[in-house]
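Asks: Requesting a structural model of the entry that follows:
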Amino acid sequence: METESFEQITQAVVKCHKMGVKQVLVKLGAKGSALFIEGEEPIKQPIISAAKVLDTTGAGDTFTAAFAVALVEGKSRKECLKFAAAAASLCVQVKGAIPSMPDRKSVLELLHSL
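Replies: Numbering: from 1, shown residues only. From the prediction side, this is the model:
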């Protein structure tokens, strides 16, 4: 299935729901992210702008990992998306995949500054 537009992405997610997948997290690059929970409206999260973008390597992995951390800590789905967006924003400001992975303190400081 094509997934160029949000409508196409929504259609693909509906197909996933029909196969039994209850929640689908979609990373949209510069357009942010969306969490689709079966039977609910999608939760959209815009990017958190970075002061400078040096390297996007690892940003998606950072986003996914940060979302998972927030989720297992019991944060709301909306808070999970925002926490993940903050982590990804910090990630793209550092060159290289491993060095760019932000620590919790940095992510929390960025969130508090918003």
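
Asks: Every contact and neighbour count from this point should use C-alpha atoms.
Replies: Fine.

Asks: where does V26 land in three-state SS?
Replies: Counting by DSSP: H, G, I helix; E, B strand; the rest coil, the backbone at V26 sits in strand.

Asks: actually F67, sorry about that
Replies: Secondary structure assignment for F67 (three-state DSSP): helix.

Asks: list the contacts for it?
Replies: By CA atoms under 8 Å, 6 or more residues apart in numbering, F67 lies in contact with 80-81, 83-84.

Asks: separation between it and A85?
Replies: From F67 across to A85, the span is 8 Å (CA to CA, to the nearest Å).

Asks: So which residues of the chain form strands?
Replies: 23-27, 33-37, 43-45 (DSSP state E).

Asks: So which of the ones you listed is the most surrounded?
Replies: For the strands of the chain, the largest average neighbour count (mean count of other CA atoms under 10 Å) is found in strand 33-37, namely a mean of 20.

Asks: Just the terminal-to-terminal distance for stretch 41-49.
Replies: Using CA to CA, the end-to-end distance of stretch 41-49 comes to 25 Å.

Asks: contacting residues around that stretch?
Replies: Here stretch 41-49 makes contact (CA under 8 Å, 6+ apart) with 30-36, 78, 81-82, 85-86, 89.

Asks: on that earlier part again, do you know which of the strands of the chain lies nearest T3?
Replies: With CA to CA as the criterion, T3 lies closest to strand 23-27 of the strands of the chain, at 10.6 Å.

Asks: which helices and strands does that closest one pack with?
Replies: helix 6-18, strand 33-37 (3 or more CA pairs under 8 Å, 6 or more residues apart in numbering; DSSP states H and E).

Asks: what sits up against the first one?
Replies: Meaning helix 6-18. Counting by CA under 8 Å, 6+ apart, 1-3, 23-24, 36, 38 sit against helix 6-18.

Asks: From these, pick the one nearest D103.
Replies: Lowest distance from D103 to the contacts of helix 6-18 (CA to CA) belongs to V24, with 25.5 Å.
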